[in-house]
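Novice: after the sequence you'll find the predicted model.
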Amino acid sequence: MSAARRYIELGLRLGKHEDELVDAYYGPEEIARAVDAEEPREPAALAGEAQELLEEVADDAWLAGHVRSLWANARKLTGETLGYADEGELVYGIEPRWHDEEPFRRALDMLDEALPGTDDLRARLARWYEEVAVPPEILEQALRDTAAELRRLARETIGLPEGEDFELELVTDKRWLGYAEYLGGLHTKISVNTDLPFVAADLVMLTSHEIYGGHHTHHVWQEVDLVRGRDELEWTIVLLWSPSAVIAEGVATVGPDIVAGEGQELAAAVLGRLGFEYDAEVGARVTEARRRLMPIAANVAMLLHDRGASPEEAREYAAEWSLQPDERLDKLVASQATSPSPVYQHSYWQGHELVDGYAKGDARRFRELLTARVLPSDLAVS
């Protein structure tokens, strides 16, 4: 039996114990059927299988990195507690880092300039969130219209395979804002969470992150080039908690800039056609500041799960540096407090740092990375 098949079987077996581990599987149905028919194996036994496989694939750095992540996840399922840094290294292939606050301070100065007024900056930001909230009755159409524009731009910048497509649904009661579930066959199900009002400034970023420039684009090119083109079966299982997550979130945070730039004029045009006025100039300035504040979520995760902070202390930290309205602070802290793998949050800003450092704004280099067999450590020294 090939190492790739054993890796897939191991991932699917562990997925029986943890629903979120396997983000997608679109490989041979007989593998999934065979694993489904088995009685669940004990996590300790699966950890042993992973360790054996790890020794056999030691010469394949990419596969070894992913088998190692399964070994670490199996150990967690036995009840073993991994340290925060250990989980970062073993599961994601990174050193989870604290993000210095000085860039946050500069971002708050940018917000102060973008949203002039005499009252408290946090109150001004809350007002802006209210003013740019997309009316629920036009949100789905706005997302679809934005996706249509981004599809055209993605074809021009990085290309898209023929036959790709997506389906869209609005959902509630989720930890995340958006989610891309790859279905195989060049199709992805996109879910957008409406627990909080959706702000116009996120329209292009979110749609590109999940679809054109981000996750959907990443998956379809992997299926075309690596699975169909090279018969590399191992790509048909997508592990949410793995080194590939760091690359994937890096791709999905850099991709929007490659495809559409800051995207605020595009958002204003789409929303304007639907009868909603949006100030793209102010939106661009606020969005740049919010982008610089993105690593706050990873710092919150580290406070809660590595530095012994209480949820109240983590919320105070997030309130001080992000200035978000109460409902958004509550969502941020609850999301990190309940995450089954909190180190994942570092994949956003640290993944962005790695992918952006490699692509350097070049669409050709970005496109190459979509189907490159790389680990985070490979980009760290590129």
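Specialist: That came through fine.
Novice: have a look at this protein and report its longest helix.
Specialist: Assignment by DSSP state H gives helix 136-157 as the longest helix of the chain.
Novice: what lies in contact with it?
Specialist: With contacts defined as CB atoms under 8 Å, 6 or more residues apart in numbering, helix 136-157 is touched by 134, 160, 166, 168, 170, 192, 194, 198, 203-204, 206-208, 211-213, 217, 258-260, 266-267, 270-271, 273-276, 363. From N, CA and C alone the C-beta is placed, and that goes for glycine too.
Novice: buried subset of the residues you listed as a PyMOL selection?
Specialist: Burial among the contacts of helix 136-157 is assessed by 16 or more other CB atoms under 10 Å; the matching PyMOL selection reads:
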select buried, resi 134+160+166+168+192+194+198+203+204+206+207+208+211+212+213+217+258+259+260+266+267+270+271+276+363
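Novice: narrow the contacts of helix 136-157 to those in strands?
Specialist: Counting by DSSP state E, these place 166, 168, 170, 192 in strands.
Novice: who does the last one form a beta bridge with?
Specialist: In this case it means Val192. Leu170, Gly178 (DSSP bridges).
Novice: that one and Phe198 touch, don't they?
Specialist: Yes. Using CB atoms under 8 Å, Val192 makes contact with Phe198 at a distance of 7.3 Å.
Novice: helices and strands of the chain: which one has the lowest mean pLDDT?
Specialist: helix 376-380 (a mean of 93; mean pLDDT, DSSP states H and E).
Novice: so which bits of that one are buried?
Specialist: 376-379.
Novice: state the mean pLDDT of the helix or strand harbouring Arg124.
Specialist: Following DSSP states H and E, one finds Arg124 within helix 121-131. Helix 121-131 shows a mean pLDDT of 97.
Novice: quick one: list the elements packing against it.
Specialist: helix 102-114, helix 280-292 (3 or more CB pairs under 8 Å, 6 or more residues apart in numbering; DSSP states H and E).
Novice: which of those sits closest to Leu63?
Specialist: helix 280-292 (33.9 Å; CB to CB).
Novice: who does the closest one touch, helix- and strand-wise?
Specialist: So helix 280-292, by 3+ CB pairs under 8 Å, 6+ apart, packs with helix 102-114, helix 121-131, helix 264-273.
Novice: off-centre distance for the shortest one?
Specialist: Averaging C-alpha positions (CA atoms, centre = their mean, to the nearest Å) puts helix 264-273 24 Å from its chain's average.
Novice: ok, now the first one?
Specialist: Relative to its chain's centre, helix 102-114 lies at 25 Å (CA atoms, centre = their mean).
Novice: how about it: buried residues?
Specialist: Judged by neighbour count (16+ other CB under 10 Å), helix 102-114 contains these buried residues: 104, 107-108, 110-111, 114.
Novice: kindly report the same for stretch 320-330.
Specialist: By 16+ other CB under 10 Å, the buried positions in stretch 320-330 come out as 321-325, 328-329.
Novice: contacting residues around Ala268?
Specialist: Per CB under 8 Å, 6+ apart, neighbours of Ala268: 200, 277-280, 283.
Novice: which residues does stretch 326-342 contact?
Specialist: 18, 20, 84, 87, 91, 129, 175-176, 195-196, 240-241, 296-297, 300-302, 304-305, 311, 314-315, 318-319, 322, 324, 345.
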